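> quick one: sequence and predicted model below, then my questions.
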Amino acid sequence: MALSEIDRKLLDRCLNRKPRAWEDFVDRYMGLVIHVINHSSQARSIRLSSEDREDLCAEVCMRLVRNDFEVLRRFRGQSSLATYLTVVARRIVVKHLLANKSAARLATVPNYPAEFPAEANGDHQDRVTDRDEVERLLEELEDHEAHIVRLYHIEGKSYREISTATGVPENSVGPMLSRARQKMRRDDAGPVAP
């Protein structure tokens, strides 16, 4: 889909610093940016607070206006402006998410099922909290399973990116991750007392 006339005019107004142009741009595209932030964080099993989302929105906006709208000036109109902004926002967001992601943070994300059997008193569940422990658990997996777990949970790759990198069908990545997590849970639980 090519650049629409409405978006072309909006882009021209922004680049020429017309009154209310940036506000109109933000009104039109902030929902898209928020969607990209939510989707990118969910795809990488990273839980964001509302403050995190606001910071990422601000980061995307700052990159768009930096150096006299350099990113917007590079747009050639070969796609819709929404498509271009989705790609730009995703790159900014993913780079930021991966830069701030640590092994300890992985373990606190609810979507990352690295929870292990509850202690005898049942008050809380142990979680993987340091990189050494994660690496020890990964050593218990077969090489291809460990590779996929690392790509997804440590490098933050999407199922599609993992499929491309490993040759595993995209719809098989999720089940492989689930099986690997189950093995990691069993290995971490150790022998059960009689």
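Looks like it came in fine.
> low-confidence ranges in this structure?
Confidence mapping of the chain against pLDDT under 70 gives the ranges 1, 101-135, 187-194.
> strands of that one, start to end?
In the chain, the segments counted as strands under DSSP state E are 115-118, 125-127.
> could you double-check that residue 160 sits in contact with residue 170?
Yes - in terms of Cβ atoms under 8 Å, residue 160 counts as a neighbour of residue 170; the distance is 5.6 Å. For the C-beta atoms, the positions are set from N, CA and C on the backbone; glycine is no exception.
> just the helices in this protein please.
Using DSSP state H, the helices of the chain run over 5-15, 21-43, 50-73, 81-99, 103-107, 131-139, 143-149, 159-166, 170-189.
> let me know the angle separating the longest one from helix 81-99.
For the pair helix 50-73 and helix 81-99, the angle between their directions (axes from the mean of the first three to the mean of the last three Cα atoms, to 10 degrees) equals 130 degrees.
> in helix 50-73, what's buried?
Of the residues in helix 50-73, those with enough neighbours to count as buried (16 or more other Cβ atoms under 10 Å) are 52-53, 56-57, 59-61, 64, 69, 71-72.
> what helices or strands is that helix leaning on?
Taking 3 or more Cβ pairs under 8 Å, 6 or more residues apart in numbering; DSSP states H and E as the contact definition, the neighbouring helices and strands of helix 50-73 are helix 5-15, helix 21-43, helix 81-99.
> if we go by neighbour counts, what in the second one is buried?
Taking 16+ other Cβ under 10 Å as the basis for neighbour counts, the residues of helix 21-43 that come out buried are 21-22, 25, 29, 32-34, 36-37, 40-41, 43.
> looking at those residues, which is nearest residue 184?
Among the buried residues of helix 21-43, residue 43 lies closest to residue 184 (Cβ to Cβ), at 20.7 Å.
> so what's that closest one up against?
Neighbouring residues of residue 43 by Cβ atoms under 8 Å, 6 or more residues apart in numbering: 158-159.
> what's the burial count for residue 153?
Number of residues near residue 153 (other Cβ atoms under 10 Å) recorded here: 24.
> didn't it look like it was pressed against residue 45?
Yes - between residue 153 and residue 45 a contact is recorded at 7.0 Å, counting by Cβ under 8 Å.
> how does the protein divide into domains?
Here the domain parsing of the chain from automatic domain parsing is 5-101, 104-189.
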